[in-house]
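J.: Predicted coordinates and the sequence they were generated for:
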Amino acid sequence: MNKKKPNTLQTIFELTEIRYADYETDEAGEFIAPKYPEFKIYRWQNGVFSTLAKAEQAMKEWADSCSKVKDEILGFHITELYIDSMFNFKTIRNYLSDGSLWDECLTSNLEDEEGSDEFLGRPADKVRFQNGDLAEELVGNVAHLVIIGNPPLSPEEISKRKQRPRFADHSADYSDDCYYTLHFCEEDHHPNGYPHSHPFPINLFPVRFPVSDEIRKNLENHYRNYRSWFE
């Protein structure tokens with residue numbers, strides 16, 4: 001998925017828990033699922049660790065200890081950060097509420113005199129969502145229900161892109177490891193294109209709550225219109 005450049009910088013692993021911000025409980029105190037197309041979340045830094053193994057162990061122990069309220073947890077991020085470096089990460093991984101690994105971005109955004117790590121494409125077995133799939137996308141402190149318009153570029157697509165003159169001297173970097181997603185919008189006509197975003201794979205989680213027919217049809221209609229641009 002990437003070509004690493006050697007560096008001597010040390011890293012630490014930051015564990016972040018992602019929870020539902022506005023959820024309700026019924027008379028028995030049971031969790032009532034948030035409703036799509038979007039709901040609020042909040043992020044809580046659970047700790048900083050010297051190794052990935054220690055961060056994952058702490059995460060799983062915490063997830064187990066919260067088993068009675070596990071429905072309140074959306075998931076986790078573990079970000080490998082360079083020490084003594086401004087806002088640079090080496091890897092980012094996302095995990096489901098039980099602490100199981102869901103996806104990972106392994107291309108660093110660290111730049112030096114030679115540029116950043118090269119993204120070589122995401123292999124098919126590392127693509128969690130396909131065209132037309134629904135997913136939960138984290139944008140800031142909001143989780144949106146979205147439909148996938150395109151998955152990240154594959155190794156074959158990256159290779160073909162390099163053969164185009166405009167990309168011949170420019171390698172793909174961490175920002176190219178992203179999906180194209182379409183968001184719910186009540187209007188049917190969008191002269192400037194449908195509301196969309198380009199999330200990293202670690203900001204997409206599987207759909208876990210019921211999706212109404214109205215919302216599903218809305219997203220599927222946007223998807224059909226978007227795909228028609230390529231026909």
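T.: Arrived safely, thanks for sending.

J.: Excluding covalently adjacent residues, which one is nearest to L182?
T.: Counting by Cβ to Cβ, 6 or more residues apart in numbering, the nearest residue to L182 once its immediate chain neighbours are dropped is H222, at 4.6 Å. No exception for glycine: its C-beta is placed from N, CA and C like everyone else's.

J.: The one you found and Y180 touch, don't they?
T.: No: H222 is beyond contact range of Y180, at 11.8 Å (criterion: Cβ atoms under 8 Å).

J.: that older thread, mind listing what's buried along the helix or strand where the residue nearest to L182 lies?
T.: With elements delineated by DSSP states H and E, H222 resides in helix 213-228, which encompasses its position. Of the residues in helix 213-228, those with enough neighbours to count as buried (16 or more other Cβ atoms under 10 Å) are 215, 218-219, 222-223, 226.

J.: Could you give the number of residues near E30?
T.: Here the number of neighbours of E30 (other Cβ atoms under 10 Å) works out to 9.

J.: Same question for N141.
T.: Considering only other Cβ under 10 Å, N141 is surrounded by 11 other residues.

J.: That one is in contact with Y42, isn't it?
T.: Yes: in this structure N141 lies within contact range of Y42 using Cβ under 8 Å: 6.0 Å.

J.: who touches both of those two?
T.: A21 (Cβ atoms under 8 Å, 6 or more residues apart in numbering).

J.: name the helices or strands packed onto the helix holding H222?
T.: With contacts taken as 3 or more Cβ pairs under 8 Å, 6 or more residues apart in numbering; DSSP states H and E, helix 213-228 sits against strand 142-150, strand 180-183.

J.: would you list these in CSV and tack on distance to E72, mean pLDDT and mean neighbour count?
T.: Formatted as CSV, the entries for the helices and strands packed on helix 213-228 read as follows, by distance: least, Cβ to Cβ, whole Å; pLDDT from 0 to 100; neighbours: other Cβ atoms under 10 Å:
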stretch, distance to E72, mean pLDDT, mean neighbour count
strand 142-150, 13, 96, 22
strand 180-183, 25, 96, 22
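
J.: give the contact list for the residue nearest in space to the middle of the chain.
T.: For the chain, the residue lying nearest the average C-alpha position, counting by Cα atoms, centre = their mean, turns out to be N203 (1.8 Å). Contacts here follow Cβ under 8 Å, 6+ apart; on that basis N203 touches 94, 137-139.

J.: Which of the residues you listed fall in strands?
T.: Where the contacts of N203 overlap with strands, as defined by DSSP state E, the overlap consists of 94, 137-139.

J.: Return the member of those residues nearest to F49.
T.: When those are compared for distance to F49, the smallest value, 16.5 Å, is given by N94; criterion: Cβ to Cβ.

J.: Please name the bridge partners of that closest one.
T.: With beta bridges defined as DSSP bridges, N94 has these partners: H77, D103.

J.: which residues touch it?
T.: Contacts of N94 were listed using Cβ under 8 Å, 6+ apart, and they are 75-77, 101-104, 201-203, 205.

J.: are any of the residues you listed buried, and which?
T.: By neighbour count, with 16+ other Cβ under 10 Å, these hold 75-77, 102-103, 201-203, 205 as buried.
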